[in-house]
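Colleague: model the structure of this input:
(chains A and B)
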There are 2 protein chains.
Amino acid sequence: MDDQSTFGGSEARVPPEVRVVNVGLDLLAESVRQQGHDVVNIDWRIPAAGDAEVIGALARLMGRHAQRISEANAEVFRRLDSASPMLTEVATAIDAVPDMSDRTILHPGPPLDWAEFCDPLRRSVRATVIAEGWAATLEEAEALVASGQVALEPANHHAAVAPMATAIGPSAPVFVVGFDDRVAYSSINQGPGTTAWFGVDKPEAVERLRWLADVAGPILAKTIASSGPIDVFAIAAQGLHMGDDLHMRTQATGNLLLRHLFADLVDTRADQLGAFARYWSANHLFFLNIVMAAAKATTSWAAEVPDSSVVVAMARNGTTYGIQMPGPGDQWYMAPAPPVQHAMYYAGFGPETSAPDIGDSAVLELIGLGGPAAAGAAAVAAFVGGTMADARAVTEQMAHISIGRSSRFTIPTLDYVGTPVGVDIRKVVELQITPSVNTGILHRSDGSGQVGAGVAVAPIELFTEAVLALDANLG
Amino acid sequence: MDDQSTFGGSEARVPPEVRVVNVGLDLLAESVRQQGHDVVNIDWRIPAAGDAEVIGALARLMGRHAQRISEANAEVFRRLDSASPMLTEVATAIDAVPDMSDRTILHPGPPLDWAEFCDPLRRSVRATVIAEGWAATLEEAEALVASGQVALEPANHHAAVAPMATAIGPSAPVFVVGFDDRVAYSSINQGPGTTAWFGVDKPEAVERLRWLADVAGPILAKTIASSGPIDVFAIAAQGLHMGDDLHMRTQATGNLLLRHLFADLVDTRADQLGAFARYWSANHLFFLNIVMAAAKATTSWAAEVPDSSVVVAMARNGTTYGIQMPGPGDQWYMAPAPPVQHAMYYAGFGPETSAPDIGDSAVLELIGLGGPAAAGAAAVAAFVGGTMADARAVTEQMAHISIGRSSRFTIPTLDYVGTPVGVDIRKVVELQITPSVNTGILHRSDGSGQVGAGVAVAPIELFTEAVLALDANLG
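Modeller: Residues are numbered from 1 along each chain as shown, chains lettered A, B, ... in the order given. Below is the predicted model:
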């Protein structure tokens, strides 16, 4: 031990017997640690980045209104943690989805004028218009939509969810997933490659949409009618223990479902079953849309609880990023959609070729899947630093802003701790930590489809706006 | 800090500034640790339990012969770590398996007289005799075998492996797995429940054997002919990252294979494909036999390297436990088969109803799967203490007695460290740590089938015998 320890200058050293409690930034703590001493680090930051109006709102929401919010949040947590949506049916959108007209196309994210649609979503809508038979060419499709003759509506306004740039037309087959009278809908995943949900409007992408409606939908409808209802979260819980985060990777869950449905699929004796098998075998995200619909049914139930500070919708359309809070109506808190931050790109692509964050799949992050489950998913680790410690850090970040731990979605390698569930806007704004969302990345302009994947971070502004609104509502 | 520290009596304390290096048993170290001091613990034990003859042999094998053995082991490791056996075919045993007569039945483990066969293996052989059409009743089957008219031979002597109490008759379909001219064979997994490989000889078990030969075998043969060769260890490596240990659990790998073969299965247009689908969907160990055959092809290649101290066969027949060392011939080092130590039993069963350890599946533990992979397998943790730390301890034990770490079988949660590969009899005997084998447990006498599962520990005697033999051979 060096007895000449002194403070000051570039050779600042701590005394040999010092005990240090560090509050705030870790810089001092790290310096003390490097000199071989124990440090207790208190992770403290200036709340709400020091904004006085917001701090006032937070003070009320965590003080005067704390009891009321806490009771509401407890009920929200119960619903998010206990709902058991079942996949019961595959049906045609116009027959199943509420308030769907024969000229409606559902899109991801908050509402948006056609002029504001990002390039990949424009392409997906045009491909869908052609697949529906409303236009023969992309130019005709563009003109039809621009003329206002197609009703473009957020899927979320119809109890539905659309991953990435998925557009859902009236003839599209949809998964019907729910419990009691809370039902939600999602499209059938279009698969990798030249597909509209990745922002591709080539003829193959249109053909895939038609094939899903004509072949895959009927085969799945018959299969699920024969298999009986499927407990979606029971499969998801198993998949979490097999390396899926249920957002960026749904390989294990898709395979579990395939094994479960194998005999019923064979029993359909469908002529095109071989083609369907090739489609499924090549589609690692087949389960994504199903678990998204289950998540939407779950958050819809939670959305009926007033006075809660927990987010019940989180979605992006490639232009705006929006969240919804519990209560009646379809109010969105919105901000511009950001780029995906922690990303890995396919060769030849990068941030400059990437569209902003897009899709309704962030609903998964509200119920303990995706980002909150990163600690158990080796596949996700690659995107956030490469080691499992990096993946665990994503889960821990989500725990800081969540109201509880899942009792059914657990992480075996952390000795079965539950994933964080229920994003509390008060914690988000106080700590300035927004949800991490595992997601794909699309080309921003040339219609070439997916160019990478990564972990997106939600913009803070919309949470701040929601905090101020909740404070105003509670009076 | 208490200045009255003293040594001696029940209140022995260490001085405040002591630095302790503890050699051997951890008791002193733990006591010092409890008093708040750092201890470096050297995990030292009396080598070979203090047996002078064995210590002499070890001294030569690790001294005078070390160079020669080390070179041989390096080549053995290269083979165990780099072989890529492909599943190329499903064929009928008599057509594919070398030196199989039309009255041969292959059984697991070392050679054994019929009189010494344990109850579950007797039942499996009798069921197989009836399925082959050599007898109409269990009594006739017993009489036929007892009369010596059936050639009972170890599967391992025919480049084959048989899990649990599997008996392989000439009409049984077998997986053909290999590379270059190293080929190995295994039966098609019979599935759970009333099946002969679990020691059941009821009519349903006989019927299952016939169904495998008449329906499942031809469907799989056609499917694999259509799909082309399948890289077994590539699938196994993925499965390790999905919670499989590839021995006690092969669910993820089985599902990966199903997804891979789905279209080719459908394309067979087989009449009985629905029944086959129900069989596969209900069989979580479908992949076990395939990966065992791949392991056997791999160890067979390693077995061609002379002078190595690495085990190349490890198998049990429910009566004896045997290992084989590299070199020509079929010499076994044997000891009585022990009970399975760390076990969980089905309700109503326990050690008193359990047959001793049985099956050829321990070949997996020689190439880095099963026990060596426990650290990544939550499913295994339950059998060895319940936490992932317990599972990691099993992997670490295997590392102490292995010659290297797999470059392809890795554990994501330990940041992709390889599983231990290549059991070195010198280390086993020096440290008195024998391989841990993940396995099922069968009823000892009533033919009711599987009664539990657990982690079995190999008997030390056969490794000691092999050490003495290697020492004698090297002179």
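Colleague: quick one: secondary structure of the residue of the stretch 101-250 of chain A found nearest chain B?
Modeller: At 4.0 Å from chain B, A:Met242 is the closest residue in the stretch 101-250 of chain A, using CB to the nearest CB. No exception for glycine: its C-beta is placed from N, CA and C like everyone else's. The three-state assignment at A:Met242 reads coil, by DSSP: H, G, I helix; E, B strand; the rest coil.
Colleague: distance check, the closest residue to it other than its chain neighbours against B:Thr253.
Modeller: Using CB to CB, 6 or more residues apart in numbering or on different chains and skipping the chain neighbours, the partner closest in space to A:Met242 is A:Ala252 (3.5 Å). Using CB to CB, to the nearest Å, A:Ala252 is found at 11 Å from B:Thr253.
Colleague: what is in contact with the two at once?
Modeller: Residues touching both A:Ala252 and B:Thr253 by CB atoms under 8 Å, 6 or more residues apart in numbering or on different chains: B:Met242.
Colleague: out of those two, which sits in the more crowded spot?
Modeller: The neighbour comparison of A:Ala252 against B:Thr253 (other CB atoms under 10 Å in any protein chain shown) goes to A:Ala252, with 30 against 26.
Colleague: burial count for A:Val266?
Modeller: 23.
Colleague: surely it is within a helix?
Modeller: Yes. Under three-state DSSP, A:Val266 falls within a helix.
Colleague: show residues contacting the longest strand along chain A.
Modeller: In chain A, with assignment by DSSP state E, the single longest strand is strand A:402-411. For strand A:402-411, contacts defined as CB under 8 Å, 6+ apart pick out A:73, A:76-77, A:81-82, A:233, A:236-237, A:240-241, A:310, A:367-369, A:372-373, A:375-376, A:395, A:399, A:416-424, A:427.
Colleague: report pLDDT for the nearest residue to A:His158 once chain neighbours are set aside.
Modeller: Closest residue to A:His158 apart from its sequence neighbours, by CB to CB, 6+ apart: A:Val97 at 5.1 Å. Listed pLDDT for A:Val97 reads 98.
Colleague: again with A:Glu365
Modeller: So A:Glu365 comes in at 97 (pLDDT).
Colleague: chain B contacts on chain A?
Modeller: A:241-243, A:251-252, A:254-256, A:258-260, A:262-263, A:265-267, A:273-274, A:277-278, A:280-281, A:378, A:381, A:387-389, A:412-413, A:415 (CB under 8 Å from any CB of the partner chain).
Colleague: let's go with 7 Å and repeat that
Modeller: Within chain A, the positions near chain B by CB under 7 Å from any CB of the partner chain are A:241-243, A:252, A:255-256, A:258-260, A:262-263, A:266-267, A:273-274, A:277-278, A:280-281, A:378, A:387-388, A:412-413, A:415.
Colleague: confirm A:Val177 sits in a strand?
Modeller: Yes. Per three-state DSSP, A:Val177 lies within a strand segment.
Colleague: which ones are touching the closest residue to it other than its chain neighbours?
Modeller: Excluding the flanking residues, the one nearest A:Val177 by CB to CB, 6+ apart is A:Ala293, at 3.8 Å. With contact taken as CB atoms under 7 Å, 6 or more residues apart in numbering or on different chains, A:Ala293 is in contact with A:Val161, A:Phe175, A:Val177, A:Ala184, A:Tyr185, A:Ser186.
Colleague: now render those residues as TSV, adding pLDDT and distance to B:Ala216.
Modeller: Conversion of those to TSV gives the following (pLDDT from 0 to 100; distance: CB to CB, whole Å):
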residue	pLDDT	distance to B:Ala216
A:Val161	98	40
A:Phe175	98	32
A:Val177	98	34
A:Ala184	98	40
A:Tyr185	98	39
A:Ser186	98	36
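Colleague: check contacts around the residue lying closest to A:Thr104 once chain neighbours are set aside.
Modeller: Leaving aside its sequence neighbours, A:Thr104 sits nearest to A:Ala151 (CB to CB, 6+ apart; 4.5 Å). Applying CB under 7 Å, 6+ apart to A:Ala151 gives the contacts A:Ser101, A:Arg103, A:Thr104.
Colleague: can you tell me how far A:Ala151 sits from A:Glu132?
Modeller: If you go by CB to CB, the gap between A:Ala151 and A:Glu132 works out to 12 Å.
Colleague: for A:Ser147, same thing?
Modeller: A:Ser147 is 15 Å from A:Glu132, by CB to CB.
Colleague: looking at those two, which is more packed in?
Modeller: A:Glu132 (22 against 9).
Colleague: the more buried one - nearest residue in space that isn't next to it in sequence?
Modeller: A:Gly169 (4.5 Å).
Colleague: contact partners for the one you found?
Modeller: A:Gly169 sits in contact with A:Ala93, A:Ile105, A:Thr128, A:Ala131, A:Glu132, where contact means CB under 7 Å, 6+ apart.
Colleague: which residue packs closest to the fourth one, ignoring adjacent ones?
Modeller: With sequence-adjacent residues excluded and distances taken as CB to CB, 6+ apart, A:Ala131 is closest to A:Leu209, at 3.7 Å.
Colleague: what's near enough to touch that neighbour?
Modeller: Applying CB under 7 Å, 6+ apart, we find A:Leu209 in contact with A:Ala127, A:Thr128, A:Ala131, A:Ala196.
Colleague: which among those end up buried?
Modeller: For the contacts of A:Leu209, a burial check counting by 16 or more other CB atoms under 10 Å in any protein chain shown picks out A:Ala127, A:Thr128, A:Ala131, A:Ala196.
Colleague: and the helix or strand harbouring A:Thr128, what does it pack onto?
Modeller: In the assignment (DSSP states H and E), A:Thr128 maps to helix A:119-131. Using 3 or more CB pairs under 7 Å, 6 or more residues apart in numbering or on different chains; DSSP states H and E, the elements in contact with helix A:119-131 are strand A:104-107, helix A:138-146, helix A:203-211.
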